[in-house]
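**Student:** Need a 3D model of the sequence below.
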Amino acid sequence: MLISGLSALLNGLPELRGELRRGFCDPPPEELLDIVGWECRKGALNGGSKRQARRRETRAMLGDSRTRRKHAHMHIVVCVKMVPDTTQVRIDPVTNTLIRKDVPFITNPFDTRAVEEALRLKDKYNARITAISMGPPTAEKVLRRALSLGVDHAVLLSDMAFSGADTLATSKVLAEAIRLLHQRDPVDLIVCGQQTIDGDTAQVGPGIACRLGFSQLTLVDEVMEIDPKEKVIRARRRLEQHYEVVEADLPAVLTVVREINIPRYPTVPGRLDAEEAPVPTWSNAVLKLDAGKIGLRGSPTQVKKIFAPQRAKGEIVQAEGDQKPEALDRVLRKLVSWDIVRLHGQE
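**Tutor:** This next block holds a predicted model:
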């Protein structure tokens, strides 16, 4: 009954929302009410009292009040990116740019850990979370995914002036957006994934920290403690051969590794709320950045050529009987010439 009820709800979601927008709908089956706590009121979205109208205006500006935390102690910003599924990447040999047509896109796996860690901190320290993403209009998808998990607000940074950016230009746009958020509602913590699977540079998080003058903690695999009053964070960093426990002043930027947590799945009510939540788009008209310092024009790193390296054909050495010593000698000489092994007494 539970599975069939969920299936019926998801399949009928567009029609149900359409009825709600017109102000009339039939009550859903009782078993669905038990699952998602859905209420359907005549005139709930269209029409209604002046108080309801004011509520709708407030939600449009600040986000759905149902997800807001009163008297939140911290403001966390989490950065997410839409990336191509690495198994389906294709490159245009002429322009050396990614072919986006018919390529499936996902949330960067490292950023899913950043979102999960922000949500855990939200639950522990009564925080509010704003997710931001720079990308094409379709990147709204990854922001709605974050909203469905429990993120409070989301902002999409999208403008043709931002396209073609390298890590330097990307960090500039993200830092400026966070600066604007900070002016409206002081930011205590920024959480980023360690790196993206389409670039693997791990430079954007530290770049944001440098531009904003925030403390930076990279390669974090555990947030041990945060003192919102003293403005101090203690975290553990996962290095190659050991761990490192460090403290830093807030505001700070964290870049987290995959091992920090296991991301949760969205709930049905979360998915429903995320579908209707406002996701404002900030263009460069909002950020007011120098067009020569963002996007492709502001990127000193440019890809000149992308190609798959040609592999030399391997050689199979076969030998039987008395030919084995000679074959072994040939193999050893090859390994010595490639500087893979050294013979005894050889300098």
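
**Student:** can you give me the strands for this structure?
**Tutor:** Using DSSP state E, the strands found in the chain span residues 74-79, 82-84, 105-107, 127-134, 153-157, 189-193, 215-227, 232-238, 243-249, 252-256, 281-282.

**Student:** Burial-wise, tell me which of these comes out on top.
**Tutor:** Across these, the average number of neighbours (mean count of other C-beta atoms under 10 Å) peaks for strand 189-193, which reaches a mean of 29. Where C-beta positions appear, they are placed from N, C-alpha and C, glycine not excepted.

**Student:** Okay, now the sheet partners of it, with direction.
**Tutor:** strand 74-79 (parallel), strand 252-256 (parallel) (DSSP bridges).

**Student:** mind checking pLDDT for the residue nearest to residue 81 when sequence neighbours are not counted?
**Tutor:** Excluding the flanking residues, the one nearest residue 81 by C-beta to C-beta, 6 or more residues apart in numbering is residue 108, at 4.6 Å. pLDDT for residue 108: 90.

**Student:** returning to what we had before: I'd like the strands of the chain laid out as TSV, including distance to residue 182.
**Tutor:** Converted to TSV, these look like this (distance: least, C-beta to C-beta, whole Å):
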stretch	distance to residue 182
strand 74-79	8
strand 82-84	24
strand 105-107	24
strand 127-134	10
strand 153-157	13
strand 189-193	10
strand 215-227	14
strand 232-238	17
strand 243-249	15
strand 252-256	12
strand 281-282	14
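
**Student:** For residue 166, which of those is the nearest?
**Tutor:** Closest of the strands of the chain to residue 166 is strand 127-134, at 12.3 Å (criterion: C-beta to C-beta).

**Student:** Sheet partners, orientation included, of that closest one?
**Tutor:** strand 74-79 (parallel), strand 153-157 (parallel).

**Student:** ok, back up a step: can I get the strands paired with strand 189-193 in JSON lines with mean pLDDT and distance to residue 296?
**Tutor:** Below are those laid out as JSON lines (pLDDT from 0 to 100; distance: least, C-beta to C-beta, whole Å):
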{"stretch": "strand 74-79", "mean pLDDT": "95", "distance to residue 296": "21"}
{"stretch": "strand 252-256", "mean pLDDT": "95", "distance to residue 296": "25"}
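
**Student:** export those strands to CSV and tack on distance to residue 337?
**Tutor:** CSV is the format used below for the strands paired with strand 189-193 (distance: least, C-beta to C-beta, whole Å):
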stretch, distance to residue 337
strand 74-79, 49
strand 252-256, 43
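
**Student:** and residue 235, what are its bridge partners?
**Tutor:** Counting by DSSP bridges, residue 235 forms beta bridges with residue 223, residue 246.

**Student:** Hmm, it is touching residue 217, no?
**Tutor:** Yes: counting by C-beta atoms under 8 Å, residue 235 does reach residue 217; the two are 5.2 Å apart.

**Student:** which neighbours do the two share?
**Tutor:** Contact with both residue 235 and residue 217 is made by residues 246, 248, 254, according to C-beta atoms under 8 Å, 6 or more residues apart in numbering.

**Student:** And those residues, which is closest to residue 267?
**Tutor:** Taking C-beta to C-beta as the measure, residue 254 is the one of these closest to residue 267, at 25.7 Å.

**Student:** Tell me who's in contact with the closest one.
**Tutor:** Here residue 254 is in contact with 114, 117, 189-192, 205, 216-218, 220, 223, 233, 235 (C-beta under 8 Å, 6+ apart).

**Student:** and if you look at residue 261?
**Tutor:** Under the criterion of C-beta under 8 Å, 6+ apart, the neighbours of residue 261 are 113, 116, 117, 120.

**Student:** Next: residue 335.
**Tutor:** With contacts defined as C-beta under 8 Å, 6+ apart, residue 335 is in contact with residue 341.

**Student:** do the same with residue 282
**Tutor:** Contacts of residue 282 (C-beta under 8 Å, 6+ apart): 155, 156, 157, 158, 177, 180.
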